[in-house]
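>>> Sequence plus the predicted model coming up.
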Amino acid sequence: MYEKFPIEGKWWLPDTPNNAVAGRLEYSEQSGPKLVLLGTLESQSKHGLDLHEYQIILGRTHEVSEITLMGCKGTGSHGTLGGETAKETYRPTVMFLGKHFTTQNEIQFKEIYADITHLNTWADFRAITHQYEDNTDIIRATRLPSRNLTDCEGYSLRVFASLENSLDDYSSKVVQSTSLVCSFKNPTPLIEYWPVLRDFQNLLSILVDQPCFPSEIYGIPPNDVRRVTIIRRMAFHKPSKALHPLELLLPLDKMGDRATELIRNWLQKASILRPIHNLALGTIYNESIYAENRFLSITQALESYHRRIKGGNDRPLAEHQARLTTILNAAPAEHKDWLNLKLSHSNEPHLKKRLESLCAQFPNYSRMINERTPDFLTRVVKTRHYLTHFDENNKKGSFASSELYFPSEKLRILFWICMLTEIGYSNTEAETIALNHYEFARILKFN
């Protein structure tokens, strides 16, 4: 798909189709789409050379007959002396190849397909088989039915395997790809699809224990059968290596008949869990993150998870309120407001207590981290405090920067186990899934 760019054509506003301007559409994963026009979409007397923004710009090229650019923000505009010629540059947020939408309200879809890295391996559809019979290599490509994943309010998800083949006199190539298909019960604006895709992407990244990214996305508009390719700026990433099924934390077939319920649980809890797992998953999506930032992000994710999901206070509320009243009554009147502010969060469990509470749910995990480092949680807390405040009192006993990789990984494993419980596994089941993963077991046993 991306090898088409750059492409040249004519571009215009929906209200002024007769004022088409020549220009070039560029795209890269790092910077996203960019439109460079050799002229102006509106008269310079109206806008001058000021930067402006258009909801929709339409285009037509030799390669693609209909293109819609949405959310086009002007980033550059200049002309020659006398204003005879001018050049404008726009940065669209999303582009649609294959259909003209004249307003943002028209941009709705009944189905959206997304190819996501490692989805093929996780779903483990075997559409291509290879056999050797009677001195003959036999390659069979079978068109497989889709598999329903789950139904939610307003939409359903399924995985769908497709085959592409090329054949000539001397070679044959068959490529299988697996897409996540989101089918809406009613035509739905694109903006409502992005959170669904992101939440499933995050779940898939946990289940395969590798960063997963959408690679190609296309949608089917209402009352239409045409595929509309949807392209927006993606977080830059290097293509991950292909995974063997045994490398996955939890492939689809191991979820069994519970897959529908487990995936639905994740999506239904997304509004609560999203800020938390975004923190944790940022540590694997961004492979170049500093070790200190990685450690702080995963520690914050665990602390936030405990506070938001597990809750709890250091003391019962009535007991704590009585304690506060006693302390404030004993304080001089001029210091009461200051003291009351300082004590406003005094019933919050501290970080170590939160981590201990999480670890207590998973005794085998706790035993393994304490066998290697008996004071592991104490050192984690000291390290978090030191990296947050750079207080020399916490430096002693903390992990050095060069030591942070494995403590961060051990905390990430704890977070992954917690996420497995959130989708519906029991504490014992979630812990067993994680500790049976060869990479997690290696980290916990030998580091």
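Everything's here; your move.

>>> my guess is Lys382 is in a helix, correct?
Yes - read with DSSP: H, G, I helix; E, B strand; the rest coil, Lys382 is one of the residues of a helix.

>>> Next, the contact list for it, please.
For Lys382, the contact set (Cβ atoms under 8 Å, 6 or more residues apart in numbering) comprises 394-398. Bear in mind the C-beta positions are built from the backbone N, C-alpha and C, glycine included.

>>> quick one, longest strand in the protein?
Longest strand in the chain, counting residues (DSSP state E): strand 172-189.

>>> neighbouring strands for that one, and are they parallel or not?
strand 108-116 (antiparallel), strand 155-167 (antiparallel) (DSSP bridges).

>>> quick one, helices of the stretch 201-350 of the chain?
252-255, 259-268, 270-285, 291-305, 317-330, 336-342 (DSSP state H, counting those that start in this stretch).

>>> possible to save these as a markdown table with mean neighbour count, distance to Phe5 and mean pLDDT?
Compiled in a markdown table, the helices of the stretch 201-350 of the chain are given as follows (neighbours: other Cβ atoms under 10 Å; distance: least, Cβ to Cβ, whole Å; pLDDT from 0 to 100):
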| stretch | mean neighbour count | distance to Phe5 | mean pLDDT |
| --- | --- | --- | --- |
| helix 252-255 | 16 | 34 | 94 |
| helix 259-268 | 18 | 33 | 96 |
| helix 270-285 | 18 | 24 | 91 |
| helix 291-305 | 21 | 33 | 96 |
| helix 317-330 | 12 | 60 | 80 |
| helix 336-342 | 12 | 56 | 81 |
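
>>> closest to Ala20 out of the ones you listed?
Set against Ala20 and scored by Cβ to Cβ, the helices of the stretch 201-350 of the chain come closest in helix 270-285, at 40.0 Å.

>>> quick one, which of the helices of the stretch 201-350 of the chain is nearest to Leu435?
Smallest distance to Leu435 across these (Cβ to Cβ): 14.5 Å, for helix 252-255.

>>> Mind listing residues that contact the closest one?
122-124, 147, 159, 259, 262.

>>> before we move on, the earlier item: check the strands paired with strand 172-189 for me: which has the lowest mean pLDDT.
Note on the strands paired with strand 172-189: strand 155-167 shows the lowest mean pLDDT, a mean of 84.

>>> ok, back up a step: and the contacts of helix 252-255, which of them are buried?
If you count burial by 16 or more other Cβ atoms under 10 Å, the buried members of the contacts of helix 252-255 come out as 122-123, 159, 259, 262.

>>> which of those residues lies closest to Glu111?
Ranked by distance to Glu111 (Cβ to Cβ), these are led by Val159 at 13.3 Å.

>>> so the closest one makes contact with Ser177?
No - contact criterion Cβ atoms under 8 Å: Val159 and Ser177 do not qualify, at 10.9 Å.

>>> burial measure for the nearest residue to Leu351 once chain neighbours are set aside, as a count.
Spatial nearest neighbour of Leu351, excluding adjacent residues (Cβ to Cβ, 6 or more residues apart in numbering): Val381 at 5.2 Å. Per other Cβ atoms under 10 Å, the neighbour tally for Val381 reads 21.

>>> so who does Val381 touch?
Going by Cβ under 8 Å, 6+ apart, Val381 touches 350-352, 355.

>>> for the helix or strand harbouring Ile417, packing partners?
Applying DSSP states H and E as the criterion places Ile417 in helix 405-422. Counting contacts by 3 or more Cβ pairs under 8 Å, 6 or more residues apart in numbering; DSSP states H and E, helix 405-422 is packed against helix 194-208, helix 270-285, helix 291-305, helix 351-360, helix 363-372, helix 376-389, helix 427-435, helix 438-446.

>>> switch the cut-off to 7 Å
Contacting helix 405-422 under the criterion 3 or more Cβ pairs under 7 Å, 6 or more residues apart in numbering; DSSP states H and E are the following elements: helix 270-285, helix 291-305, helix 351-360, helix 363-372, helix 427-435, helix 438-446.

>>> what does it contact?
206, 269, 273, 277, 280, 283, 291, 294-295, 298-299, 301-302, 305, 358-359, 362, 365, 369, 380, 399, 427, 430-431, 433-434, 440, 443-444, 447 (Cβ atoms under 7 Å, 6 or more residues apart in numbering).

>>> Give me the angle between it and helix 363-372.
Here the directions of helix 405-422 and helix 363-372 differ by 170 degrees (axes from the mean of the first three to the mean of the last three Cα atoms, to 10 degrees).
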